[in-house]
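> test case, fold it:
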Amino acid sequence: MRFLSAASLLVLTAPLANAAAFSIFDPTQASLKPNSNEDFPVEGDNPLLYCAKPDHYKIEIESVDLAPNPPLPGKKLTISAKGTLLERIEKGATVNLEVKWGLITLIKQTVDLCDELKNVDLECPLEKGKMVLTKEVDLPKQIPPGKYSVLADVYNKEQKQVTCLKANDIVFHL
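As a prediction, the model looks like this:
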């Protein structure tokens, strides 16, 4: 869980600090859509939702807490996560990432999950089992005000879905 909650949250928040590179993104996988009639919230003090009912996901998230919630530009964001990883994650795992600012797509890319894990002081392979993580992220002051939506759709090296998380309506003020 160390891996997915924190890595996914970092993947969810880091683009706000660095909205640049584009790469291959598989459009057949999950996409960022407005809230449906049925939401599946992630436990804890956070704006996260599962993309679908999490019965088939390879991670059981016990909780994810953000402090402060909502995140504030120019402030430190602390991410605390607990859960159980149900399968080993090896090199070759990927994250499809999409970040929107209002209706404008800022990022739509696929990143190597193992490369991103370095941002949370982890490395592949990640063994299955209980995980706990606390990570601090410095958010830049220059995050443009507005409403953001973020999606992180995670796949193992065989391209089987591990989890999918989204955060809709993250609002940054001046």
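> rest of the way, CA atoms for contacts and neighbours
Will do.
> how about the strands in this protein?
Secondary structure of the chain (DSSP state E): strands at 40-41, 48-50, 59-67, 76-85, 94-101, 104-112, 129-138, 146-155, 161-172.
> JSON lines for those strands, including mean pLDDT, distance to residue 118 and mean neighbour count?
Formatted as JSON lines, the strands of the chain follow (pLDDT from 0 to 100; distance: least, Cα to Cα, whole Å; neighbours: other Cα atoms under 10 Å):
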{"stretch": "strand 40-41", "mean pLDDT": "97", "distance to residue 118": "27", "mean neighbour count": "16"}
{"stretch": "strand 48-50", "mean pLDDT": "97", "distance to residue 118": "22", "mean neighbour count": "20"}
{"stretch": "strand 59-67", "mean pLDDT": "97", "distance to residue 118": "19", "mean neighbour count": "20"}
{"stretch": "strand 76-85", "mean pLDDT": "96", "distance to residue 118": "16", "mean neighbour count": "21"}
{"stretch": "strand 94-101", "mean pLDDT": "97", "distance to residue 118": "14", "mean neighbour count": "24"}
{"stretch": "strand 104-112", "mean pLDDT": "97", "distance to residue 118": "11", "mean neighbour count": "18"}
{"stretch": "strand 129-138", "mean pLDDT": "94", "distance to residue 118": "12", "mean neighbour count": "17"}
{"stretch": "strand 146-155", "mean pLDDT": "96", "distance to residue 118": "16", "mean neighbour count": "23"}
{"stretch": "strand 161-172", "mean pLDDT": "94", "distance to residue 118": "19", "mean neighbour count": "21"}
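> which non-adjacent residue is nearest residue 143?
Residue nearest to residue 143 in three dimensions, not counting chain neighbours: residue 73, with 6.0 Å by Cα to Cα, 6 or more residues apart in numbering.
> isn't that neighbour right up against residue 137?
No - in this structure, residue 73 is not within contact of residue 137 by Cα atoms under 8 Å, at 11.0 Å.
> how much space between residue 142 and residue 150?
Using Cα to Cα, to the nearest Å, residue 142 is found at 18 Å from residue 150.
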